[in-house]
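[1] mind folding the following:
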Amino acid sequence: MCRDEYKLIVVDVLKKHDNDVSKLKEIISGINEKIGSLPDEALVYAATLLKIKQRAIFEIANANKSYTVDSRGANCIYVCDGRVCRARKSTEIVEALREAVGLKTGQVTTDDKKFTVETVDCLGDCGNGPVIKINNKNFTKMNVAKAIALVNAMKKGTKIGLNEPVKKTDKNEFKVSGCVKKEGYCKVPMQTTFRQIIDEYAGGMINGHEVKAIFVGDTKTGCYFYGREALDEEIDLTKNTELVRYLSKKGMKVYDDSTCMVEKTLRWMEETMKTSCGRCIPCTEGTKNLVLSLRRIIDGDGNSDDYDELEIFSDTIKSTSMCGIGKMAANPVISLLKYFSTELNEHIDEKKCSTFSCKKLFEVAIDKELCKGCSKCSRICPVEAISGKITEPFSIDSSKCIRCKACVSACNFDAIKLI
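    Down below sits the predicted model:
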């Protein structure tokens, strides 16, 4: 039997999530937060109301060490056990914390119920590891001395991560950067559009270029980019959507029509791959395979199989990665497939990059009718790929050319073309 107070909590949490089984993790997290633990009776009652097998809900509860079916200490300390944090000696921090709070072998909670110390799979801030979480607050770049100092402070009565005031920020004030005339922070209406932000608050695009993509977030905590189709979609900054969270924390970066989105996606995915903690295969191997597919496409070796792989791997990463950061790891590729599939297919099928950014997908050639034989291009070429006689048309050796495009900007007669 489930006690009445637990029933009320379970019903309230289920109602908040519309009794949606697909939100099972959020439901379990909500129960854990309200009760302070995950009693068997509460989980069984939730499974009964959701009409699912008890095993399904217990598997999720037991898989995440941030949850427990036992009562916890007044102060819960979680140490990230991801690959990056372990490489930075997080295990030494765990041992020091256990000794500092007086845990016995096999214990995770002290006898006086004041402290709980456990490791967790990932705390989502691999770039700033080692990371520990005390109650509801993360601490980054930790070491043994810092961890012990926090424990000593809590022993003296300092409350850490418990009902701390949330720093208020204006959701409608954020940074705009990239190919705009006025980079910096701007304050916009609570109901706005990307076009309004760019034209009215960032001064419009530089050099008369058109908007091609808008990037929000970052590769460490999740990112997404939007095509020009989203320019006039209304953004409601009063709502707690993923886009609004990205804008308020990281701002937005605008790219113009001279940007190759396939090449840009590869760069983002390379950064994302480096931040993977290595604990789950979908994220670790999935991001690696996405990078390999994008590299083949940019090198001119892409085919229809690579397009299929981008779809399959990005979907697998999003649906099966263990943590929230992992689930967002494939967002750049998902964005590429949604907004820039035409440009991607051009790279795969036509072996062509319309922005002349992918060096193996274009050639540099001299128009002999326009060339005056001034030799300026030959003198500026860093690899001596251009040769000829003064006053006669020069030529480019494609096998030597590194596609740096220095000669293109140097030519005064517009005789050097990208094809």
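[2] which SSE is immediately downstream of the helix or strand harbouring P332?
    Of the helices and strands defined by DSSP states H and E, P332 is found in helix 331-339. Heading C-terminal from helix 331-339, the first helix or strand you meet, by DSSP H and E, is helix 341-349.
[3] which residues are in contact with that following helix?
    Counting by CB atoms under 8 Å, 6 or more residues apart in numbering, helix 341-349 makes contact with 260-262, 297-298, 302-304, 306-307, 310, 336-337, 352-354, 358, 361, all of which sit outside it. C-beta here means a position set from N, CA and C on the backbone, and glycine is covered the same way.
[4] just those: which are in helices?
    Among the contacts of helix 341-349, the members falling in helices (DSSP state H) are 261-262, 297-298, 304, 306-307, 310, 336-337.
[5] between those residues, which has the most around it?
    L336 (27 neighbours; other CB atoms under 10 Å).
[6] which SS state does the closest residue to that residue other than its chain neighbours fall under?
    If you skip the residues right next to it in sequence, L336 has T265 as its closest partner in space, 4.7 Å away by CB to CB, 6 or more residues apart in numbering. For T265, the assignment made with DSSP: H, G, I helix; E, B strand; the rest coil gives helix.
[7] which of the residues in stretch 107-117 are buried?
    Residues 108-110, 115-117 are the ones in stretch 107-117 that count as buried (16 or more other CB atoms under 10 Å).
[8] quick one: strands adjacent to the longest strand along the chain?
    The strand that spans the most residues within the chain, counting by DSSP state E, is strand 211-218. The sheet places strand 211-218 alongside strand 222-227 (antiparallel), strand 252-256 (antiparallel), with pairing taken from DSSP bridges.
[9] and the ones you listed as a markdown table, adding mean pLDDT and mean neighbour count?
    Rendered in a markdown table, the data for the strands paired with strand 211-218 read as follows (pLDDT from 0 to 100; neighbours: other CB atoms under 10 Å):
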| stretch | mean pLDDT | mean neighbour count |
| --- | --- | --- |
| strand 222-227 | 83 | 20 |
| strand 252-256 | 92 | 21 |
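[10] possible to save those as CSV with distance to C283?
    Written out in CSV, the entries for the strands paired with strand 211-218 read as follows (distance: least, CB to CB, whole Å):
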stretch, distance to C283
strand 222-227, 12
strand 252-256, 24
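[11] do you know which of these lies nearest R279?
    Closest approach to R279 among the strands paired with strand 211-218 (CB to CB): strand 222-227, 17.0 Å.
[12] pull the residues that contact the closest one.
    Contacts of strand 222-227 from elsewhere in the structure, counted by CB under 8 Å, 6+ apart, are 194, 212-217, 242-243, 246, 250, 255, 261, 268, 324-325, 328-329, 331-332, 334-335, 338-340.
[13] for the closest residue to A410 other than its chain neighbours, list the residues it contacts.
    For A410, ignoring the flanking residues on the chain, the nearest one in space by CB to CB, 6+ apart is I380 at 4.7 Å. Residues counted as contacts of I380 (CB under 8 Å, 6+ apart) are 406-407, 410.
[14] list the buried ones in stretch 204-219?
    Neighbour-count burial for stretch 204-219 [16+ other CB under 10 Å]: 205, 211-219.
[15] er, stretch 350-367 I mean
    Neighbour counts using 16+ other CB under 10 Å place 351, 353-359, 361-362, 364, 366 of stretch 350-367 among the buried residues.
[16] ok, of the residues you listed, which one's closest to T287?
    When those are ranked by distance to T287 (CB to CB), C358 comes first, at 20.5 Å.
[17] excluding chain neighbours, what is closest to that closest one?
    The shortest distance from C358 to any residue other than its chain neighbours is 4.7 Å, reached at I298 (CB to CB, 6+ apart).
[18] now swap in E26 and tell me
    H17 (5.6 Å).
[19] so K146 is in contact with F139, correct?
    Yes: under the contact definition of CB atoms under 8 Å, K146 touches F139, with a separation of 7.3 Å.
[20] out of these two, which sits in the more crowded spot?
    With neighbours defined as other CB under 10 Å, K146 and F139 compare such that F139 has more, 19 against 13.
[21] what sits closest to S375 if chain neighbours are left out?
    Taking CB to CB, 6+ apart as the measure, S375 lies nearest to I390, with 5.7 Å between them; neighbours along the chain are not counted.
[22] show me what the helix or strand encompassing N289 is packed up against.
    Assigned by DSSP H and E, N289 falls within helix 281-298. Under the contact criterion of 3 or more CB pairs under 8 Å, 6 or more residues apart in numbering; DSSP states H and E, helix 281-298 touches helix 261-275, helix 304-320, helix 341-349.
[23] can you redo the buried residues of stretch 350-367 as a markdown table with pLDDT and distance to P130?
    Listed next are these as a markdown table, based on pLDDT from 0 to 100; distance: CB to CB, whole Å:
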| residue | pLDDT | distance to P130 |
| --- | --- | --- |
| K351 | 92 | 46 |
| C353 | 93 | 42 |
| S354 | 92 | 45 |
| T355 | 92 | 41 |
| F356 | 93 | 44 |
| S357 | 91 | 38 |
| C358 | 93 | 39 |
| K359 | 91 | 40 |
| L361 | 93 | 43 |
| F362 | 93 | 45 |
| V364 | 94 | 49 |
| I366 | 94 | 56 |
